[in-house]
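>>> the sequence and its predicted three-dimensional model are supplied below.
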Amino acid sequence: MSEIEIRNLTKRFEVKGNSVTALNNVSLNIEKGDIYGIIGMSGAGKSTLVRSINFLEKPTEGTIIIDGTDLSSLSEKELREKRRGIGMIFQGFNLLEQKNVLDNVCFPLEIAGIKRRDARVRAKELLDTVGLAEKAKVYPSQLSGGQKQRVAIARALATNPGILLCDEATSALDPQTTESILSLLKEINEKLEITIVVITHQMSVVTSICKNVAIIDNGILVEEGDVASVFEHPGSDAAKELLFGNRPVYSPVEHLNEARKIRIIFNENSAYEPVIANLILKYRTAVNILKADTRNVGGKARGEMVLGLPDGEELQNDMIESLKKSGLSVMEVNEDVY
Amino acid sequence: MFTEKVISMILVGIKDTLYMTLVSTFFGYVLGLPLGILLNVTRKDGLKPNRIIYGIGGFICNIVRSIPFLILLILLIPFTRLVVGQSYGSTATIVPLVICAAPYIARVVESSLNEVDAGVIEAAKAMGASNLQIIFKVLLVEARVSLFTGATITTGLLLGYSAMSGTVGGGGLGDIAVRYGYYRWQTDIMIVTVILLIIIFQIIQHFGTTLSRRIDHRKR
């Protein structure tokens, strides 16, 4: 039994008399202890999807099953109790501005009716876990974005939830802070064995911490699988766009994009060989390196390179064959590379 | 001119004015605060949207607020007599002041609560908070600075309205100003009462501003 089961979830909103479908027949299972990424462009429906998991958004059709319990079968009161087992953090942090850090972390415990003294002990432990023990008496306005998100994480963990939902939790943070928050999430996942669902529009977030990923495009689940294989063999257009298109916008270099392009992925076995140099020596023709990057995908090193091949179809096919032989995964790229 | 008699009259006037202003603010909130919460909760994006309740509540608020206070004062004379037994004096003035203030306060409270960040409310919902918990532990707490500022403005407004009640024998500084300054042409007494009203208003405003700054933890 999966910890989170989403079955045939459809969500429609009424906007000025028109029905807008935010999610269309989405089904997926998230296993206990997983870090599961849900990625898509903005407006794809991923936020609606994560908010359906704790029923902040009630499905139009379909069911959400958490630990075997169908959420639609619960009364309001039972649902509130169930939600205590599902922590949530947000892009905007959503801390109580008029309460200090300690009281913010105590807040879910106060709501659950836990004695104030016990709540404070628990809150202090959690602030220790997120590395903010010395900020207990400080108010949120005095914290940086990363610190606020740490407080939010501590708060989300207060009731000992089995699931943590992260709705664009790092989208408002700079790259360094994003990294530190992601490693904190990973640490929590390992230490507390908590299932984490990460909603994001950034592929880098998914590749750095997620084990499995689902890609949502226009309310439809277009691709699902373990992160490494989706990264190596993206099947859907949305996945390719997220992998290539989501770059900071530099002015595109037109002529570089005219040639036939391939994307190669190095895994840990092939990363040590001078593959490109060998290729050039073998065919006595230069290839253009349009882009090169290394990434940590699910804890494994992956190199990514986009090559522009020289003219001549036969030569191009030979080169692709030879790259495949050296153990690389090779795919054609039609998107512009920026 | 400022005989002992006049001075003691003015002192009683100050006491009556403060009595009317503070007691009517208090009872105004007893009625207006729950009504304001109700309006916030039942509005379209509220915790429990309900067009009918919101519509009726808003309609009553608008009707009462659109009646000029002086007219309300006269209109309510039978009701005032029913509640306090007489229609003149400081205590009697409190009745129309409360009726006038409550819908005003309700709107002030509603708009203060509307300002609370929807994300914070959503976070509380995600934690499993009930609507009552959200009202008392999130909305009223997070909006407290704005609520307090609103209360300061309301108190100042009621100070002014309480003076108006002098025209129908309401008591307090306004009453003195009308009786001596208007009917008896004693301009000096009128000027003194006006200066005293200004001073009282300044004290209320200063107290309100200082305190609302002290309870605000958003920026420092």
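Received the coordinates, thanks.
>>> in the stretch 151-300 of chain A, which spans are helices?
A:175-192, A:203-209, A:227-232, A:237-240, A:275-283 (DSSP state H, counting those that start in this stretch).
>>> out of those helices, which one sits most buried?
When the helices of the stretch 151-300 of chain A are scored by mean count of other C-beta atoms under 10 Å in any protein chain shown, the highest mean neighbour count falls to helix A:203-209 (a mean of 23). Yep, even glycine has a C-beta here, placed from its N, CA and C like the rest.
>>> just the element for the closest residue to B:Leu113 other than its chain neighbours, please.
Of all residues beyond its chain neighbours, the one nearest B:Leu113 is B:Asn40 (4.0 Å), with distances taken as C-beta to C-beta, 6 or more residues apart in numbering or on different chains. Element membership for B:Asn40, per DSSP states H and E: helix B:4-42.
>>> pull out the buried residues from stretch B:154-172.
By 16 or more other C-beta atoms under 10 Å in any protein chain shown, the buried positions in stretch B:154-172 come out as B:154-159, B:161-166, B:168, B:170-172.
>>> model confidence for B:Arg184, exactly?
The model reports B:Arg184 with a pLDDT of 88.
>>> how far away is it from B:Met190?
9 Å (C-beta to C-beta, to the nearest Å).
>>> neighbour count for these two, which is higher?
Just comparing B:Arg184 and B:Met190: by other C-beta atoms under 10 Å in any protein chain shown the higher neighbour count belongs to B:Met190, 19 against 11.
>>> list the contacts for the more buried one?
B:Ala177, B:Tyr180, B:Gly181, B:Tyr182 (C-beta atoms under 8 Å, 6 or more residues apart in numbering or on different chains).
>>> redo that, cut-off 7 Å
Contact partners of B:Met190, counting by C-beta atoms under 7 Å, 6 or more residues apart in numbering or on different chains, are B:Ala177, B:Tyr180, B:Gly181.
>>> how about low-confidence regions in the stretch 101-250 of chain A?
Along the stretch 101-250 of chain A, the parts satisfying pLDDT under 70 run over A:245-250.
>>> which one of the contacts of B:Met190 sits closest to A:Pro175?
B:Ala177 (67.3 Å; C-beta to C-beta).
>>> tell me how many other residues crowd the nearest residue to A:Glu168 once chain neighbours are set aside.
Closest residue to A:Glu168 apart from its sequence neighbours, by C-beta to C-beta, 6+ apart: A:Gln91 at 3.9 Å. Applying other C-beta under 10 Å, we find 18 residues neighbouring A:Gln91.
>>> please apply the same query to A:Ile264.
Each residue near A:Ile264 was counted by other C-beta under 10 Å, and the total is 24.
>>> CSV for the contacts of B:Met190, including distance to A:Ile114?
Below are the contacts of B:Met190 laid out as CSV (distance: C-beta to C-beta, whole Å):
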residue, distance to A:Ile114
B:Ala177, 58
B:Tyr180, 63
B:Gly181, 62
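>>> which residues sit in contact with the residue nearest to A:Thr60 when sequence neighbours are not counted?
Distances taken as C-beta to C-beta, 6+ apart place A:Arg12 nearest to A:Thr60, at 4.7 Å, with adjacent residues excluded. If you count contacts by C-beta under 7 Å, 6+ apart, A:Arg12 has them with A:Ser19, A:Val20, A:Thr21, A:Ala22, A:Thr60.
>>> try 10 Å this time
A:Asn18, A:Ser19, A:Val20, A:Thr21, A:Ala22, A:Leu23, A:Asn24, A:Pro59, A:Thr60, A:Glu61, A:Gly219 (C-beta atoms under 10 Å, 6 or more residues apart in numbering or on different chains).
>>> okay, and the common contacts of B:Arg184 and B:Met190?
Common neighbours of B:Arg184 and B:Met190 (criterion: C-beta under 10 Å, 6+ apart): B:Val178.
>>> all strands of the stretch 1-150 of chain A, in order?
Per DSSP state E, counting those that start in this stretch, the stretch 1-150 of chain A carries strands over the ranges A:4-15, A:18-30, A:35-39, A:61-66, A:69-70, A:86-90.
>>> need those strands in a markdown table (columns: distance to A:Ile209 and mean pLDDT).
A markdown table is the format used below for the strands of the stretch 1-150 of chain A (distance: least, C-beta to C-beta, whole Å; pLDDT from 0 to 100):
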| stretch | distance to A:Ile209 | mean pLDDT |
| --- | --- | --- |
| strand A:4-15 | 17 | 92 |
| strand A:18-30 | 14 | 92 |
| strand A:35-39 | 5 | 95 |
| strand A:61-66 | 22 | 95 |
| strand A:69-70 | 27 | 94 |
| strand A:86-90 | 14 | 96 |
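>>> can I get those strands in TSV with distance to B:Ile134?
Formatted as TSV, those follow (distance: least, C-beta to C-beta, whole Å):
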stretch	distance to B:Ile134
strand A:4-15	23
strand A:18-30	25
strand A:35-39	27
strand A:61-66	22
strand A:69-70	24
strand A:86-90	15
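>>> closest to A:Leu185 out of those?
With C-beta to C-beta as the measure, strand A:35-39 is the member of the strands of the stretch 1-150 of chain A nearest A:Leu185 (7.3 Å).
>>> that closest one near chain B anywhere?
No. Remark: strand A:35-39 sits outside contact range of chain B, by C-beta under 10 Å from any C-beta of the partner chain, the gap being at least 16.7 Å.
>>> what pairs with that strand, parallel or antiparallel?
Its sheet considered, strand A:35-39 pairs with strand A:195-200 (parallel), strand A:212-217 (parallel) by DSSP bridges.
>>> residues in contact with B:Ala101?
Taking C-beta under 10 Å, 6+ apart, we find B:Ala101 in contact with B:24-29, B:31-32, B:64-65, B:69, B:94, B:108, B:154-155, B:157-158, B:161.
>>> among the residues you listed, which ones are buried?
B:24-25, B:27-29, B:31-32, B:64-65, B:69, B:94, B:108, B:154-155, B:157-158, B:161.
>>> how about the helices in chain B?
Taking DSSP state H as the criterion, chain B carries its helices at B:4-42, B:51-66, B:69-75, B:77-84, B:90-114, B:118-126, B:131-133, B:140-142, B:144-164, B:172-176, B:187-214.
>>> how about the ones you listed in a markdown table, adding distance to A:Glu81?
As requested, the helices of chain B are exported to a markdown table (distance: least, C-beta to C-beta, whole Å):
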| stretch | distance to A:Glu81 |
| --- | --- |
| helix B:4-42 | 22 |
| helix B:51-66 | 28 |
| helix B:69-75 | 49 |
| helix B:77-84 | 46 |
| helix B:90-114 | 26 |
| helix B:118-126 | 13 |
| helix B:131-133 | 13 |
| helix B:140-142 | 23 |
| helix B:144-164 | 29 |
| helix B:172-176 | 54 |
| helix B:187-214 | 37 |
